[in-house]
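>>> Return a 3D structure for these sequence lines:
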Amino acid sequence: MQIQSAYAAGMQGLQRASAGITEETVNINRQTQQNRIQEQDVAAQNNREATAATASEPVQDTTQSIVKMEQQQVAAQANVRSLRTADEMLGSIIDIRV
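As a prediction, this is how the structure comes out:
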């Protein structure tokens, strides 16, 4: 494997993970705003059945977004490790050849 391809793959993966984290952060923010609106509507209606129906769905979406964000974080850490390993390998190759 070429060192440059390891760097390119690591950087591409890191950028993809960063974009995924940003996307999930936006999703969580949107879901939080929807939850607040629904809570206000439910409080105005004072209907307990509506509370149970509306509260469960957004919480699941938020939970899924948090899980996806954690997955992206792990992917980013893995890509940083691959970049670090490629850097160390390049340093070792330079030390051996010099």
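
>>> for the helix ranked longest in the chain, what is the average pLDDT?
The single longest helix within the chain, with elements called by DSSP state H, is helix 48-97. Mean pLDDT, helix 48-97: 78.

>>> any idea how far Cys67 lies from Thr22?
Not quite, residue 67 is Val, not Cys. Counting by C-beta to C-beta, to the nearest Å, the gap from Val67 to Thr22 is 16 Å. C-beta here means a position set from N, CA and C on the backbone, and glycine is covered the same way.

>>> Centre of the chain to the longest helix of the chain, how far?
Computed by C-alpha atoms, centre = their mean, to the nearest Å, the chain-centroid distance of helix 48-97 equals 5 Å.

>>> What is that helix packed up against?
If contacts are counted by 3 or more C-beta pairs under 8 Å, 6 or more residues apart in numbering; DSSP states H and E, helix 48-97 sits against helix 3-45.

>>> Who are the packing partners of the helix it packs on?
For helix 3-45, the packing partners by 3+ C-beta pairs under 8 Å, 6+ apart come out as helix 48-97.

>>> got the angle for the helix it packs on vs helix 3-45?
For helix 48-97 and helix 3-45, the angle between their directions (axes from the mean of the first three to the mean of the last three C-alpha atoms, to 10 degrees) works out to 170 degrees.
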